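*Asks:* Sequence and predicted model, in that order:
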Amino acid sequence: QVQLVESGGGLVQAGGSLRLSCAASGRTFSNYIMGWFRQAPGKEREFVAAITWNGVSTYNTDSVKGRFIISRDNAKNTVYLQMNSLKPEDTAVYYCAARRTAGNYNDWGQGTQVTVSS
């Protein structure tokens, strides 16, 4: 099991930027695919982006591609989500999660709130 702690959320105006961080501990970080998810009030949790140990990334193209960038620093056991051109509809609790290559996302952080005002 890997322990995950998110940080970097907050209140930002539309058009602004935030960078979320997720610090991992407990297992070998580079063995895991890391993902970001979000959940808005009254909605289901939604995949945002994921990144493999060697930096290959995927995005929820409908909502964030071109505005969000996922990255990781294996030396620091940290994954990041750079969020640009934020919109009010990006308002949600953002969660970091980890999975093995052939597994599901079983390890989750506690979440960090992102609020975008119009």
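*Replies:* Yep, that arrived.

*Asks:* could you pull out the strands for the protein?
*Replies:* All strands of the chain, identified by DSSP state E, fall at 3-7, 10-13, 18-25, 33-39, 46-51, 57-59, 68-73, 78-83, 92-99, 107-108, 112-117.

*Asks:* With mean neighbour count as added columns, please give the ones you listed in TSV.
*Replies:* In this view, the C-beta of every residue, glycine as well, is placed from N, C-alpha and C. Converted to TSV, the strands of the chain look like this (neighbours: other Cβ atoms under 10 Å):
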stretch	mean neighbour count
strand 3-7	17
strand 10-13	13
strand 18-25	19
strand 33-39	22
strand 46-51	20
strand 57-59	16
strand 68-73	18
strand 78-83	22
strand 92-99	22
strand 107-108	18
strand 112-117	17
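
*Asks:* which residues pair with the one residue sitting closest to the centre of the chain across the strands?
*Replies:* Within the chain, one residue has its C-alpha closest to the average C-alpha position: by Cα atoms, centre = their mean, that is residue 36, at 2.7 Å. Under DSSP bridges, the beta-bridge partners of residue 36 are residue 49, residue 96.

*Asks:* wait, doesn't it sit right on residue 94?
*Replies:* Yes - using Cβ atoms under 8 Å, residue 36 is in contact with residue 94, at 6.2 Å.
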